[in-house]
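> how would this look folded up:
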Amino acid sequence: MPKFLFQSLLLLFIFTSAKAQEVQNEIDPPYNIKTASFVQNDTNVVPIFELGSVFSFQFDDLFGNEANYYFEVVHCDYNWIPSDIPKTDYVRGFDNQRITDYSNSFNTLQGYSHYTLTFPNQFTTQLRISGNYMLKILNEDREVVFSRKFVLYENHSTVACLVKRTRNLSNIDFKQNLEFTILSNDIVFQTPLQNIKVLLLQNGDFKTSIKNVPPQYTIGNQMVYKYDKETQFWGGNEFLYFENKDIRAASNNVARMGSNNDVYSSYLYTNHARGNQIYTVYEDVNGNFVVKNINGFKQEIEADYAWVYFSLSAPAFQLNKDIYIAGMFNNYSLSPEYKMDYNSDKGIFEKAVMIKQGFTNYQYRTVDKKGNIDYENAVDGNFYQTENEYTILVYYKESSDRYQRVIGKGNGNSINIVN
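Next up, the predicted model:
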C-alpha cells in the first residue's frame with residue numbers, strides 16, 4: 001500500500017473515531033417547528049419509557065408544506081457519548097427512514113403539518129436494549145433539523161425514594177434533598193461503586209439533572225444514598241399557567257384576546273416576581289402542557305396557534321440577568337426565541353411566543369451572561385414546600401458488557417416532604 005494512501009486512511013479513521021465520541025447534545029428546533037413532544041397514551045410525557053412499550057414523537061411544521069422529514073436513533077452511554085456498538089445491536093429494523101405519518105391542520109388560521117413517529121413502527125420494529133437514546137429529525141439533505149433525548153429502562157431493580165428538607169440550616173427553607181436506595185433481586189452487582197451510576201431529574205428536565213453521585217455505602221446487594229449536598233435540588237416555585245382552549249375568549253390568566261394579526265393573540269396578565277413573597281399553594285402539572293381546542297375533535301390538527309404575549313415585572317433583574325420563558329412546551333429551551341426583552345418605558349420584561357392552544361405550564365428561568373441557569377436567584381424564588389416530581393434512573397455496566405443499561409427507575413414527590 002502506498003505510504004500516502006495509508007496516511008490518508010489513518011487520518012480518516014482518527015477523524016471518524018473522534019467524531020463518534022462527541023457528546024450528543026440536544027439541538028433546538030428552528031422557529032417553524034413547534035410543539036415537539038413525546039406522547040404516550042395520548043398524553044405528553046417525560047421521555048422515559050419501559051423497554052418494549054409503545055410511544056410516539058410528534059411535532060408541527062408551521063410551513064405546512066408537507067416537507068419530507070427523516071429520523072435517526074443513536075444509542076448513547078451515561079454521558080451521552082454514542083455507544084461503541086453496531087446499530088443492529090439496538091435497532092431491529094431500520095432507521096434513517098422518511099416519516100410517513102403526517103396530516104395537515106384543519107380549520108385553523110395558522111396552517112401547519114403535524115408529524116407522528118411511533119415506536120415501534122413499520123421500519124424500526126423494535127428498540128432492542130435499554131439506555132440513553134438521541135432521536136434526530138433530518139431534512140431531505142439528511143441534515144439534522146433538531147434532536148431530542150429519551151431513555152428506555154428495564155425493571156431489574158427497585159428504587160425507594162424519600163424527599164427531605166436539607167440539613168444545612170443556611171438553605172433549609174429553599175432546597176429539597178433526595179434520599180434513596182437501590183436494590184436488585186436478580187442482578188448481583190459487580191464492583192457497584194464503579195459500575196452503578198444514577199441520574200436525578202426534577203420535573204423531567206435533563207438540563208437541571210444531577211449525575212455522577214456514587215453510592216454512599218452498600219449493604220449486601222443494596223446501594224444506599226443518604227447524601228445531603230450531593231443530591232440537593234433548589235425547590236423553585238409552582239409553575240405558572242395560562243389557558244386558551246377557546247382561542248376567541250379570555251380565560252384563566254388571559255387578560256384579553258386579539259385577532260389583529262393573521263392568527264389570534266393571547267395577552268396574559270402581567271406576572272410579578274414571587275421571590276420575596278410567601279409560598280402559595282396551587283395545583284400545577286410540573287411544567288407539562290395539554291393541547292386542547294374545545295371546539296375541535298382531533299386535537300393534534302384542529303388546535304390552532306396563537307401569539308401569546310408574556311409580561312413580567314421583576315425590577316431586580318433588569319440589568320445583570322437574562323430571563324427566559326421555559327416549560328415542556330419548548331423543552332425548557334434557552335434559545336433566543338424565548339428570551340424576554342426589557343421594555344424600559346413600561347419597566348417590565350416582555351415576549352411574544354407562538355404556542356399551540358390549550359393548557360400550558362411555564363416558568364421564568366434566570367440565566368447569567370455565560371448561559372448558566374441561576375437557580376439560587378430565581379425570579380420566583382425557592383421554597384421547600386414546592387411540589388416537585390423527581391425521577392431516579394439507575395445505570396449499570398458489568399466489566400463484560402459493551403454498553404450501559406438502565407436497570408431501574410424510581411419516583412419521588414415532595415408533596416409529602418419530611419424533615
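> all contacts plus neighbour counts: C-alpha atoms, from now on.
Noted.
> list the contacts for Gln40?
54-56 (Cα atoms under 8 Å, 6 or more residues apart in numbering).
> ranking these by neighbours, who comes first?
Using other Cα atoms under 10 Å as the neighbour criterion, Phe55 leads these with 21 neighbours.
> That one contacts Thr118, doesn't it?
Yes. Between Phe55 and Thr118 a contact is recorded at 5.9 Å, counting by Cα atoms under 8 Å.
> How about the secondary structure of Ser266?
strand (DSSP: H, G, I helix; E, B strand; the rest coil).
> Then Glu230?
Look at Glu230: counting by three-state DSSP, its state is helix.
> Next, count neighbours for it.
Using other Cα under 10 Å: Glu230 sits among 15 other residues.
> Now do it against Gln176, distance only.
According to Cα to Cα, to the nearest Å, Glu230 stands 11 Å off from Gln176.
> sorry, back to before: just the contacts of Gln40 now: which is nearest Ser37?
Taking Cα to Cα as the measure, Ser37 lies nearest Ser56 of the contacts of Gln40, at 8.5 Å.
> Name whatever forms a beta bridge with that closest one.
Val39, Thr118 (DSSP bridges).
> Also Tyr267?
With DSSP bridges as the rule, Tyr267 is bridged to Arg256, Tyr309.
> you'd agree it is up against Phe310?
Yes. In this structure, Tyr267 is within contact of Phe310 by Cα under 8 Å, at 7.0 Å.
> hey, where'd the helices end up in the chain?
3-20, 192-195, 299-302 (DSSP state H).
> Please name the residues that touch Thr181.
Residues counted as contacts of Thr181 (Cα under 8 Å, 6+ apart) are 159-161, 222-225.
> Spatially nearest residue to it, not counting backbone neighbours?
Nearest-residue entry for Thr181: Val224, 4.6 Å, with adjacent residues in sequence omitted and distances by Cα to Cα, 6 or more residues apart in numbering.
> what's the one you found in contact with, if anything?
Val224 makes contact with 180-182, 215-218 under the criterion Cα under 8 Å, 6+ apart.
> got any ranges where this protein has weak pLDDT?
Counting by pLDDT under 70, the chain shows low-confidence ranges at 1-21, 125, 318-319.
> mind listing what's buried in stretch 388-408?
Using 16 or more other Cα atoms under 10 Å as the test for burial, stretch 388-408 gives 388-398, 403-408.
> now, which of these lie within strands?
Judged by DSSP state E, the buried residues of stretch 388-408 include 389-396, 405-408 as members of strands.
> Serialize these to a markdown table and add fields for distance to Leu201.
Shown next, in a markdown table, are those (distance: Cα to Cα, whole Å):
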| residue | distance to Leu201 |
| --- | --- |
| Glu389 | 8 |
| Tyr390 | 6 |
| Thr391 | 5 |
| Ile392 | 6 |
| Leu393 | 8 |
| Val394 | 12 |
| Tyr395 | 14 |
| Tyr396 | 18 |
| Arg405 | 18 |
| Val406 | 14 |
| Ile407 | 16 |
| Gly408 | 14 |
